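Engineer: Generate coordinates for the sequence data below:
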Amino acid sequence: MATSYLATRVANLKPSGIRKFFDIVATMDDVISLGIGEPDFVTPRPILEAGVKALQDGETHYTSNSGILELRQALSQHLAARYGVTYDPKDEIVITVGVSEALYLALTAILDPGEEVIIHTPCFVSYEAEVILAGGVPVELACHVEDQFQLRPEALEALITPRTKAILLSYPNNPTGAVASRETLLAVAAIAEKHDLVVISDEIYDQLVYGVAHVCFAALPGTKKRTITLGGLSKNYAMTGWRIGYAAAPPEILQGLMRIHQFTIMSAPTNAQIAGIEALQHGAPHVEEMRAEYDRRRKLIVNGLNQLGLPTFEPRGAFYAFPQISVSGMEDEAFAQRLLDEEKVAVVPGSAFGAAGQGFVRCSYATAYEKIEEALERLARFMQRHG
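Structural biologist: The predicted structure follows:
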């Protein structure tokens, strides 16, 4: 197809900085991947068996556009019990095809052409692209390691213009592992109230926190009325391939998301929704078991990177470490490429996550402890030559 047939906003999108490296990795042998943000655990067996049984029972038809009511009820109960925020399962929750669809729905529903969304970076690679595809304009709010990668409220307010429509939050953060404090989020809430902004809060890693508490933005006083909460089962429950996410919002906002969802998707996969009921109702022990193992790996990789002269902020959530690589004398893309070529260790350049990520690389510790140990040995050889 000729490029001229494509919409300008699509033709001008930058390819994913993550996929670029992993297309290369797929052609190589003996690579240790610290790149893809996917749990290495198989979905816990009771959840898996619930999905298999659904197929065997003939649950192969469409569900309600909003998703199976029992799943929405389980999610509502889960959020109320965990964070004290109450969503009506009938008209404040929609089950989506992963949190990726939920993000698409949220942005497409609220943005008119040219409206701005402030995104704190480093951030997941889809955010800026999805704003552009929805007709909006992404505005980058750079966050820095000296602030523990938490956004500065005064810097946020300085970026607001008459065209600003929304703030997109991502805590626990991919790629840095930062977790926002209640104080920071209360300041964001006050700014959103003052300027009448929508807040989209992507909380996909909410249960994967270490030694700190995750604060659900919509649970803060007065915030629910303007908040779209995004989440899903992929990361917490090791269910990436099942593609179950959700958006939760007040009815007047959610009905906009629903209009797009029903014309675009129809409904999320039926057997995956049934597996999701099992996950939410009985999956907590499995989440805790996986979280404890991630914590063990977290300590290994952070200590190992620091000992190699790669200063690494201590991540408090998700499953990523974000070391600075300036001591190597290389830019992050060159560092990642040479590490892959010379030692067959795959990481992601920090610049893939926005300009604020330059000079860093993302290392996922969602891989086996022994592989992380071997990756650190290979990195040690690499840094002896380049550090």
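Engineer: Quick one: neighbours of the closest residue to residue 80 other than its chain neighbours, just the number.
Structural biologist: What sits nearest to residue 80 in space, not counting adjacent residues and going by Cβ to Cβ, 6 or more residues apart in numbering, is residue 86, at 5.1 Å. To be clear about C-beta, it is placed using only N, CA and C from the backbone, and glycine gets the same treatment. Counted with other Cβ atoms under 10 Å, the neighbours of residue 86 add up to 13.
Engineer: before we move on, what about residue 293?
Structural biologist: 18.
Engineer: Tell me who's in contact with it.
Structural biologist: The contact partners of residue 293, taken as Cβ atoms under 8 Å, 6 or more residues apart in numbering, are residue 369.
Engineer: was I right about the residue nearest to residue 80 contacting residue 77?
Structural biologist: No: Residue 86 is beyond contact range of residue 77, at 9.6 Å (criterion: Cβ atoms under 8 Å).
Engineer: tell me the SS of the residue nearest to residue 80?
Structural biologist: coil (DSSP: H, G, I helix; E, B strand; the rest coil).
Engineer: Next one: it from residue 79, what distance?
Structural biologist: 8 Å (Cβ to Cβ, to the nearest Å).
Engineer: next one: residue 257
Structural biologist: Residue 257 is 17 Å from residue 79, by Cβ to Cβ.
Engineer: What of residue 266?
Structural biologist: Taken as Cβ to Cβ, the span from residue 266 to residue 79 is 25 Å.
Engineer: burial count for the nearest residue to residue 134 once chain neighbours are set aside?
Structural biologist: Ranked by Cβ to Cβ, 6+ apart and with sequence neighbours excluded, the top spatial neighbour of residue 134 is residue 107, at 4.0 Å. Per other Cβ under 10 Å, the neighbour tally for residue 107 reads 28.
Engineer: wouldn't residue 107 be in contact with residue 136 here?
Structural biologist: Yes: the pair formed by residue 107 and residue 136 meets the contact definition of Cβ under 8 Å, at 6.6 Å.
Engineer: if I look at the two, which residues touch both of them?
Structural biologist: residue 117.
Engineer: Now for residue 57, how many residues are close by?
Structural biologist: 10.
Engineer: Residue 155 now?
Structural biologist: 15.
Engineer: need the contact list for it.
Structural biologist: 141, 142.
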